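>>> starting from these lines, generate the structure:
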Amino acid sequence: MISRREWLRLTAGAGAALTLGACRPDLENAGAAANAAGNGAANAAAATSDMILRTIPSSGEQIPVIGLGGRWISTNSTEEELAEHRAVLHALADGAEGAGRVFDTAAGYGGGASEEFSGQWAEEDGFADDIFWATKVNVAGSDGRADPDDVREQIERSFRRLRVPVIDLNQVHNLGDPPTQLGILQEYKEEGRIRHIGMTTTSTGRYDDLAEVMRDYPIDFIGIDYAIDNRVAEETIFPLAQDEGIAVMVYLPFGRTRMWNRIGDRPVPEWAAEFDATTWAQFMLKFVVAHPAVTIAAPGTSNPDHMVDNLGGGRGRLPNAEHLERMIALEQELPDA
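Below you'll find the predicted structure:
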């Protein structure tokens, strides 16, 4: 068992591994490699500043604007990879004295390994209570329907894997049979076993379906794709979330590997320092969380140094309207991926 005190000692200064111009292989949900530039000294200094918090409208609870997506933990992971994944979860839990603590997974991620290992590590290493546990359920078949018994079994399995009596957030994955699955999640919420419920999609073609759910069901969260080069959600989904009092969890804030490929080895613009972004990851994350509808961004990574870097996207100043215009103009000047 690794105590949190030992972990902090072993990983002190982890952000210093990110040096200007260094190659930053990273993972985002799908687990693909990417590159970015960093500034380790500034990043390490930023680790001591407070994390920006946002309020979940339905409950009033505050959570950090940067979390962690857990799709990278898999049944196919090697022992060495699992050790690295465990270190990433520690970096999340220990970020800003526990403030960087939202871990987003799903019953199906990694064949169940994401829930299983994260729950085991958090319990064994003593920080399970510091994590805001977010997972997803979806047993809808090819006909779009879900068997209620299968829904309940998958939810119960998530409890067993995560090793917690209460799950902070459980969302229906990819708009699977909202009447059945959201109805069952609502039952769990009324029993006090699930604190928040929601619905997700990362398909622009299903935004109208998501909007219908947002209007018709008493959900607390949505999960949706959004990035500096993917701003479709701004048109209807974000305003609706604000109108309905629904929290927004952003997936794919780097556009999977798309933005990393477009950035290449370009340096971070000097004017990014005006909103305390010293790396490309922080640049992109600050663009995302600057939108007032966004409650949290949950990028995935399998590298603990990059987890520290990502948390820096939730500290310091955020870009103002003029900065956002410059950021979009810069993105539009980049070559296509």
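>>> strands of the protein, residue ranges please.
For the chain, the strands defined by DSSP state E cover 53-55, 62-64, 68-69, 102-104, 132-137, 167-172, 194-201, 221-225, 247-251, 296-297.
>>> can I get these in TSV including distance to residue 334, mean neighbour count and mean pLDDT?
No exception for glycine: its C-beta is placed from N, CA and C like everyone else's. Below are the strands of the chain laid out as TSV (distance: least, CB to CB, whole Å; neighbours: other CB atoms under 10 Å; pLDDT from 0 to 100):
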stretch	distance to residue 334	mean neighbour count	mean pLDDT
strand 53-55	28	15	96
strand 62-64	29	21	95
strand 68-69	24	27	96
strand 102-104	28	26	97
strand 132-137	32	26	98
strand 167-172	32	25	98
strand 194-201	26	23	98
strand 221-225	19	25	98
strand 247-251	20	25	98
strand 296-297	20	28	98
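>>> include distance to residue 184 when you put these into JSON lines, please.
Formatted as JSON lines, these follow (distance: least, CB to CB, whole Å):
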{"stretch": "strand 53-55", "distance to residue 184": "27"}
{"stretch": "strand 62-64", "distance to residue 184": "24"}
{"stretch": "strand 68-69", "distance to residue 184": "24"}
{"stretch": "strand 102-104", "distance to residue 184": "20"}
{"stretch": "strand 132-137", "distance to residue 184": "8"}
{"stretch": "strand 167-172", "distance to residue 184": "9"}
{"stretch": "strand 194-201", "distance to residue 184": "10"}
{"stretch": "strand 221-225", "distance to residue 184": "16"}
{"stretch": "strand 247-251", "distance to residue 184": "20"}
{"stretch": "strand 296-297", "distance to residue 184": "24"}
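>>> quick one: closest of those to residue 149.
strand 132-137 (12.9 Å; CB to CB).
>>> so the closest one versus strand 221-225, what angle?
Angle of strand 132-137 versus strand 221-225, following axes from the mean of the first three to the mean of the last three CA atoms, to 10 degrees, is 80 degrees.
>>> show me what strand 132-137 is packed up against.
Judged by 3 or more CB pairs under 8 Å, 6 or more residues apart in numbering; DSSP states H and E, strand 132-137 is in contact with strand 102-104, helix 148-162, strand 167-172.
>>> try 6 Å this time
In this structure, strand 132-137 packs against helix 148-162, strand 167-172, with contacts taken as 3 or more CB pairs under 6 Å, 6 or more residues apart in numbering; DSSP states H and E.
>>> quick one, the shortest one and strand 221-225 angle?
When you say that, I think you mean strand 167-172. 60 degrees.
>>> could you say what helices and strands strand 167-172 packs with?
Short answer (3+ CB pairs under 6 Å, 6+ apart): strand 167-172 packs on strand 132-137, helix 178-191, strand 194-201.
>>> chain center to the first one, what's the gap?
How far strand 132-137 lies from its chain's middle: 11 Å, per CA atoms, centre = their mean, to the nearest Å.
>>> check what contacts that strand and list those residues.
Contacts to strand 132-137, defined as CB atoms under 6 Å, 6 or more residues apart in numbering, come from residues 63, 101-102, 104-107, 154-155, 158, 162, 164, 167-171, 173.
>>> now for the helices and strands packed on strand 167-172, which one comes closest to residue 240?
strand 194-201 (12.3 Å).
>>> can you list the weak-confidence ranges in the stretch 1-150 of the chain?
1-49, 96-100 (pLDDT under 70).
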